[in-house]
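Asks: quick check, what structure comes out for this input:
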Amino acid sequence: MRAADPNQPTALLRELFAAAVQRALPLQHTAAALPPPPRGRTLVLGAGKAAAAMAQAVEALWPSEAALSGLVVTRYGHTPARPAGLAQRIEVLQAAHPLPDAAGLDAARRVLALSAGLSADDLVLCLMSGGGSALLTLPCAGLTLADLQRINQRLLHCGAPIGDINTVRKHLCRLKGGQLARACAPARVVTLAISDVPGDDLSLIASGPSVADPSRCADALAVLQRYQIELPAAVLAQLHSGALETPKPGDPLLRGHTAHLIATPAQSLQAAAQIARAHGLHAYVLSDEIEGEAREVAKVHAALARSAARGRSSFQTPCVLLSGGETTVTLAPPPGLSLGQGGRAGEFCLALTQALAGHTGVWALAADTDGIDGACDSAGALVRPDTLARAQALGLHLPDFLQRHDACGFFAPLGDLLCTGPTFTNVNDFRALLVR
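Replies: All right, here's what the predicted structure looks like:
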């Protein structure tokens, strides 16, 4: 890729995002985490937005003479083109995200069936990445797919953090929270994961199907109560009794299992920082664990950028401020207003535009590293010093778009949506602010 001209701010921001995505591509760092072939079978099971690309990486790196089979499920449209000459040994299915669908339910049933009948001589490679929670869904007894769709939608719309959402999912699904690993016993399980969660907690990535779960039924009940989400009486009784408890750390059935992070948000942010420094800019990674409402996070970023531009902070300019994590958007438009299209990154950019109010020394990019920002086909958006002025010239009233959570409707007429298509990886939010 040709290096961007540092005097072209938006081109530079795009280059930083491309570097972050490139660092998280599965083929780059899978080899070091692969174990040797076992005496028995090698079965690959996985789920997530990067699952198809991860499966291709394993196929490319696994010895051609060693047996390999399995199944992974990814989001619709997130299967990369197969390299010429690469034989397909792992089946790839597609399903819906962020709400589960019948295809994901069927895929989960097939995964559970494949996990049966394994021996101690067999190896299971579990390929897990963000999005796997929705893509690999098998409701517990007494719960239907429609119930899970309702519960997931409620948790997403009320702005619950990912930890709370996945605590509920792990106790209402028959595969999550280490239950897939338990089903694979006595085979050895090796998990390869791409992190999309703050803190890189393996038990939260795709709701941790192949690793021990420290959360308990009581934690799931507390989350459901906090967000006033109802369950069928029979399922509620199972949570209260502990019948839906998941395998915990120290469970003997998980002894000898290992897990490896092959890509993380921090690594992608550092890759972007290296590019910025190569262009002669100071680069500061604020954090890879930022959570909270996207519009509130934007206000903080705007304040930091303004202070840096005025020489009132410890950041030396010209500089790039980088951050990641998983923000939330509470969908609460005023009565009578219909929801627009957008996601966390777009919401951040809307609020940042408002907070910067046309500041002449700040440019920004915010995007989801999987290439799809919420309900919008774009990855995110760009913010320039003249964004607000150009919007006003087109008659776009920014507060109206914020109320409707309509980032696509605001940035599309300006030509400032960032459209990449699926990237075949996922290390969650990426934000870069260039301050001069």
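Asks: mind listing the strands for the protein?
Replies: 42-47, 69-75, 91-95, 123-129, 188-194, 258-263, 282-293, 319-328, 362-368, 380-383, 417-418, 429-435 (DSSP state E).
Asks: closest to residue 312 out of those?
Replies: strand 429-435 (11.8 Å; Cβ to Cβ). No exception for glycine: its C-beta is placed from N, CA and C like everyone else's.
Asks: which neighbours in the sheet does that closest one have, and how are they oriented?
Replies: strand 319-328 (antiparallel), strand 362-368 (antiparallel) (DSSP bridges).
Asks: let's have these in TSV, adding mean neighbour count.
Replies: Formatted as TSV, the strands paired with strand 429-435 follow (neighbours: other Cβ atoms under 10 Å):
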stretch	mean neighbour count
strand 319-328	24
strand 362-368	28
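Asks: and of these, who's closest to residue 218?
Replies: Closest among the strands paired with strand 429-435, using Cβ to Cβ: strand 319-328, at 23.4 Å.
Asks: the closest one to strand 282-293, inter-axis angle?
Replies: Strand 319-328 and strand 282-293 are oriented at 20 degrees to each other (axes from the mean of the first three to the mean of the last three Cα atoms, to 10 degrees).
Asks: follow-up on the earlier one: let's have the strands paired with strand 429-435 in a markdown table, adding mean pLDDT and distance to residue 186.
Replies: Formatted as a markdown table, the strands paired with strand 429-435 follow (pLDDT from 0 to 100; distance: least, Cβ to Cβ, whole Å):
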| stretch | mean pLDDT | distance to residue 186 |
| --- | --- | --- |
| strand 319-328 | 97 | 35 |
| strand 362-368 | 98 | 39 |
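Asks: what helices and strands are in contact with the worst-scoring helix or strand of the chain on mean pLDDT?
Replies: Across the helices and strands of the chain, mean confidence by mean pLDDT, DSSP states H and E is lowest for helix 26-29: a mean of 92. Under the contact criterion of 3 or more Cβ pairs under 8 Å, 6 or more residues apart in numbering; DSSP states H and E, helix 26-29 touches helix 51-61, strand 258-263.
Asks: mind showing which ranges of the stretch 301-436 of the chain have poor pLDDT?
Replies: By pLDDT under 70, the stretch 301-436 of the chain contains no weakly predicted segment.
Asks: what sits against the closest residue to residue 198 other than its chain neighbours?
Replies: Leaving aside its sequence neighbours, residue 198 sits nearest to residue 289 (Cβ to Cβ, 6 or more residues apart in numbering; 3.8 Å). By Cβ atoms under 8 Å, 6 or more residues apart in numbering, residue 289 lies in contact with 198-199, 265, 324-325.
Asks: picking up where we left off before, make CSV from the strands paired with strand 429-435 and add distance to residue 62 to it.
Replies: Below are the strands paired with strand 429-435 laid out as CSV (distance: least, Cβ to Cβ, whole Å):
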stretch, distance to residue 62
strand 319-328, 31
strand 362-368, 30
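Asks: so residue 326 sits against residue 293, correct?
Replies: No: using Cβ atoms under 8 Å, residue 326 is not in contact with residue 293; the gap is 11.7 Å.
Asks: report the buried residues of stretch 140-147.
Replies: Using 16 or more other Cβ atoms under 10 Å as the test for burial, stretch 140-147 gives 140, 142-143, 145, 147.
Asks: dump that stretch to CSV, restricted to CA.
Replies: Extracted as CSV, the C-alpha positions of stretch 140-147 are listed here (Å, rounded to 0.1, in the frame of the first residue of the first chain):
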residue,chain,number,x,y,z
CYS,A,140,-31.2,-23.7,26.8
ALA,A,141,-34.2,-25.8,27.6
GLY,A,142,-37.4,-23.8,27.8
LEU,A,143,-36.1,-21.0,25.7
THR,A,144,-36.9,-20.4,22.0
LEU,A,145,-34.9,-18.6,19.3
ALA,A,146,-37.5,-15.8,19.4
ASP,A,147,-36.9,-15.5,23.1
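Asks: residues contacting that stretch, please?
Replies: With Cβ under 8 Å, 6+ apart as the criterion, stretch 140-147 contacts 100-102, 105, 137, 139, 171-174, 231-232, 234-235, 238, 244.
Asks: give me the number of residues near residue 340?
Replies: 20 (other Cβ atoms under 10 Å).
Asks: and it, what is it in contact with?
Replies: 401, 404-409.
Asks: equivalent analysis for residue 195, please.
Replies: Residue 195 neighbours (Cβ under 8 Å, 6+ apart): 130, 202, 205, 261, 263-265, 427.
Asks: now with 10 Å?
Replies: 24, 128-130, 201-202, 204-205, 261-268, 288, 426-428 (Cβ atoms under 10 Å, 6 or more residues apart in numbering).
Asks: just the buried ones out of those residues, please.
Replies: Looks like these have 24, 128-130, 202, 204-205, 261-268, 288, 426-428 buried, using 16+ other Cβ under 10 Å.
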